[in-house]
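[1] Predicted model, plus sequence, below.
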Amino acid sequence: VQLQASGGGLVQAGGSLRLSCTVTGSIVGVILTGWYRQGPGNQRDLVAQITANGDRNYTESVQGRFTISKDNAKNAVHLQMNNLRPEDTALYYCNAHLISRTLKLEELWGPGTQVTVSS
C-alpha cells in the first residue's frame, strides 16, 4: 500500500493549484487523510486534514483559501489551493491513517510534491 501524489508546480501569486493523493493497494478503510508542508529550513507542518466522517481542519494561514476534499470510491484526497501566496511555497506531503487488510492501523506518507509560488 502506497500513497501517490500529483499536482504540484509553479504558479504566480494569486493563482491556483490542485493536489491529489491516492491510496494504491488493498485496504479496509481510511480513517484520516491530510496534507503537510515543509519549507526550506522549516519543520513539516499540518496544512489540512479530513476525517472519514468528512470533518475538516485547516491551519489558520490557509483558511478560506484551501479546501480539502475526498473521494471515498477512489481512496483519494484532494487539496484545492486558491489565492496562493509566496509563503505557501513548500514541499507538500500527503498523509493517511488507514486500516490495512491485516486489520492493522498504519500511517503512510506520500512522496513530496513541490509547490512554488512566485511573487
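    Perfect, thanks for sending it.
[2] Was I right to think residue 28 contacts residue 100?
    Yes: assessed by CB atoms under 8 Å, residue 28 is found in contact with residue 100 at 6.7 Å. The C-beta positions use only the backbone N, C-alpha and C, and glycine is treated the same way.
[3] Who has more neighbours out of these two?
    Using other CB atoms under 10 Å, the more surrounded residue of residue 28 and residue 100 is residue 100, with 15 against 12.
[4] Measure how buried the closest residue to the more buried one other than its chain neighbours is and give me the count.
    Leaving aside its sequence neighbours, residue 100 sits nearest to residue 106 (CB to CB, 6 or more residues apart in numbering; 5.3 Å). Using other CB under 10 Å, residue 106 has 13 neighbouring residues.
[5] Surely residue 106 touches residue 97?
    Yes: at 7.4 Å, residue 106 counts as touching residue 97 under the criterion of CB under 8 Å.
[6] From residue 44, how far off is the spatially closest residue to residue 83 that is not a sequence neighbour?
    In space, and not counting its chain neighbours, residue 83 is closest to residue 65: 4.7 Å by CB to CB, 6+ apart. Distance check for residue 65 against residue 44: by CB to CB, to the nearest Å, it reads 20 Å.
[7] Same question for residue 111.
    Applying CB to CB, the value for residue 111 to residue 44 is 13 Å.
[8] Same question for residue 51.
    Distance from residue 51 to residue 44, by CB to CB: 20 Å.
[9] Alpha carbons of stretch 81-92, in CSV - could you do that?
    C-alpha atoms of stretch 81-92 as CSV (Å, rounded to 0.1, in the frame of the first residue of the first chain):
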residue,chain,number,x,y,z
MET,A,81,-5.3,25.8,-3.3
ASN,A,82,-6.6,29.2,-4.3
ASN,A,83,-5.1,32.7,-4.0
LEU,A,84,-1.7,31.2,-3.5
ARG,A,85,1.0,33.3,-1.8
PRO,A,86,4.8,33.1,-2.0
GLU,A,87,4.8,31.9,1.6
ASP,A,88,2.9,28.8,0.5
THR,A,89,6.0,27.7,-1.3
ALA,A,90,7.0,24.3,0.1
LEU,A,91,7.2,20.6,-0.4
TYR,A,92,3.7,19.2,0.2
